[in-house]
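**Q** from the sequence below, what's the structure:
(one chain, ligands or ions: 1)
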Amino acid sequence: MLTIIIISILLSIFITILFKFITADGDFTLLSKRVKRDKFEDKVVWITGASRGIGEILSKQLASLGAKLIISARSEAELERVKKQLAGKYAPQQVMVLPLDLASGEDALKEAVQEAESFFDGAGVDYMIHNAAYERPKSSAVDVSEESLKAAFEVNVLGPICLTRLLVPFMLDRGRGHFVVMSSAAGKTPAPGQAVYSATKYALNGYFHTLRSEFCRKGINVTIVCPGPIKTSSASATSNSQEKELAEKRVSSQRCAELTIIAASHGLKEVWISYQPVLAVMYLLQYMPSIGFWLMDKIGARRVEAATQKGNTYSLSLLFGNKRA
Ligand SMILES: NC(=O)c1ccc[n+]([C@@H]2O[C@H](COP(=O)([O-])OP(=O)(O)OC[C@H]3O[C@@H](n4cnc5c(N)ncnc54)[C@H](OP(=O)(O)O)[C@@H]3O)[C@@H](O)[C@H]2O)c1
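**A** Numbering: from 1, shown residues only. As a prediction, the model looks like this:
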C-alpha cells in the first residue's frame, strides 16, 4: 500500500513538472491552434455577462475581429460603458445592448431571444456565449443558504439552458449555431469550498455535451471552456491582499478570452485554461481518477479552512497541511 502511495505521489509530481514545462496556460490541443478570424467576422455573437470580467474582454476581442455583437447582463449602465469602449468593423455604433436577468424566467428570456434574433436585420444568432455566472465567496458544502443555492442554479444552469432551448429551433432552421459555454475547472474536478458553484458547472457540462451529441449532425456546435483561476477586474477588487494575489497565479482575462476565441473558432469540444497546479490536477482527475480523488480528499478540508482564513486556495502546500498557505 505504501509503495502504491509513494509511486502515486512521485507520478503526480512528475506530471505536474511535465505539464509545467509543456503547457503554459492551456491544454495541449488548445495551445497548438491560432485564431481563425473568418469564423467571427460578420457573425452575430451574443455574450451574456458582458458587463465586466471575462465577458467584457471577450466583447472587446470579438468586436476587434469584426463580429456583430449583442451584449447582455443585468446592468444596462455597465453594458453601455462597455459598448463605448468597443472598437471594430461594427463597434461601437452597431453593438446591441440587450439587458437581461438570467433568473427572470422563461417568458422574459423568450422575449430576449426574439429580440436577439431580430437584430442585424434578422440575421439570427450564430454564436451564443454563455458566460454570465453567479458565484459566492468560498464556504463549506453544507454552509449554503437555500436562497444562494437557488440563485446559483437559476443563473448558472436554468437560465442558460432555457435560452438554449429557445434559440436552438432558430439555429436548426438556419442549419447552424454554436454555443460557447464558460464552465470552469470546478466543473471537471471537486472544488472544496465551492460545492454549489462546482455542481452548477458539472450540470452545464452534462447538458451541453449531451446537446451537441443530439444536434451536431444538424449544424449545432458546442465548445465548453473550463478555466482555472483567472485574473479579472472583479477578482482583483475582491482580492484580500497583494500577497494572496501574487501567490494565486491567475491567467489574465485577456489570455483567457483569446484562448476561448481560438477554441470556438476551431470548433473544439472542450478546453482547459489554467496555470499549475490546477491544470495538473485536472489531468490527474481525468486520466488517473483514483489518484486525483485521493489528492482532493487530502486537501478538501484544508482548502475550505484556507478560504475562511483568506489564504491561497490554489497552493500545493494545502497537500502538506499548511493551512494558511
Ligand atoms: N474569474 C475566474 O477566475 C473564473 C474561473 C473559472 C470560470 N469562470 C467563469 O467565467 C465566467 C465569467 O467569469 P467572471 O469572473 O468574468 O465573472 P464576473 O466578473 O463575476 O461577471 C459576471 C457577469 O455575469 C453577469 N450576471 C450575474 N448575474 C446575472 C444574472 N442574474 N443575469 C444576467 N447576467 C448576470 C454580471 O453582470 P450583472 O451583474 O450586471 O448582471 C457580469 O457581467 C463565469 O461563467 C465564471 O463562472 C471564471
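
**Q** quick check, the longest strand seen in the chain touching the ligand?
**A** Longest among the strand segments of the chain by residue count, using DSSP state E, is strand 220-227. Yes. Using Cβ under 6 Å from any ligand atom, strand 220-227 reaches the ligand at P227. C-betas here are computed from N, CA, C, even on glycine.

**Q** same for the next helix or strand after that strand, what does it pack against?
**A** Helices and strands here follow DSSP states H and E; after strand 220-227, the next one along the chain is strand 230-231. With contacts defined as 3 or more Cβ pairs under 8 Å, 6 or more residues apart in numbering; DSSP states H and E, strand 230-231 has these neighbours: strand 251-252, helix 253-265.

**Q** and the gap between the residue in the chain that the ligand sits nearest to and H209?
**A** Per Cβ to the nearest ligand atom, G53 is where the chain lies closest to the ligand, at 2.2 Å. Counting by Cβ to Cβ, to the nearest Å, the separation of G53 from H209 is 24 Å.

**Q** and if you look at G124?
**A** From G124 to H209 the distance is 24 Å (Cβ to Cβ).

**Q** neighbour count for these two, which is higher?
**A** The neighbour comparison of G124 against H209 (other Cβ atoms under 10 Å) goes to G124, with 18 against 14.

**Q** tell me the contacts of that one?
**A** Residues counted as contacts of G124 (Cβ atoms under 8 Å, 6 or more residues apart in numbering) are 44, 117, 170-171, 174.

**Q** what parts of the stretch 101-250 of the chain come near the ligand?
**A** 101-103, 131-135, 155, 182, 184, 227, 229-230, 232, 234-235.

**Q** go ahead and build a PyMOL selection from the buried members of those.
**A** Remark: buried members of those, expressed as a PyMOL selection using 16 or more other Cβ atoms under 10 Å:
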select buried, resi 101+102+103+131+132+133+134+155+182+184+227+229+230+232+235
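
**Q** quick revisit: got phi/psi on the closest residue to the residue of the chain closest to the ligand other than its chain neighbours?
**A** Leaving out its chain neighbours, the residue that sits closest to G53 by Cβ to Cβ, 6 or more residues apart in numbering is T232, at 3.9 Å. Per-residue torsions, T232: phi -120, psi 170 (degrees, to the nearest 10).

**Q** and for T308?
**A** phi -70, psi -30.

**Q** contacting residues around it?
**A** With Cβ under 8 Å, 6+ apart, T308 has these contacts: 138-139.

**Q** let's see that with 10 Å instead.
**A** 137-140, 143, 193, 323 (Cβ atoms under 10 Å, 6 or more residues apart in numbering).

**Q** one step back: of the contacts of G124, which belong to strands?
**A** V44.

**Q** of the contacts of G124, grab the buried ones for PyMOL.
**A** Entered in PyMOL, the line below selects the buried ones among those, by 16+ other Cβ under 10 Å:
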select buried, resi 44+117+171
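
**Q** will you turn the contacts of G124 into a markdown table that also has pLDDT and distance to C256?
**A** Output for the contacts of G124, formatted as a markdown table (pLDDT from 0 to 100; distance: Cβ to Cβ, whole Å):
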| residue | pLDDT | distance to C256 |
| --- | --- | --- |
| V44 | 98 | 22 |
| E117 | 98 | 28 |
| F170 | 98 | 29 |
| M171 | 98 | 26 |
| R174 | 98 | 29 |
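
**Q** turn the contacts of G124 into JSON lines, columns for distance to E147.
**A** Formatted as JSON lines, the contacts of G124 follow (distance: Cβ to Cβ, whole Å):
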{"residue": "V44", "distance to E147": "35"}
{"residue": "E117", "distance to E147": "33"}
{"residue": "F170", "distance to E147": "34"}
{"residue": "M171", "distance to E147": "34"}
{"residue": "R174", "distance to E147": "39"}
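
**Q** select from the residues of the stretch 101-250 of the chain next to the ligand every entry located in strands.
**A** Those of these lying in strands (DSSP E): 182, 227, 230.
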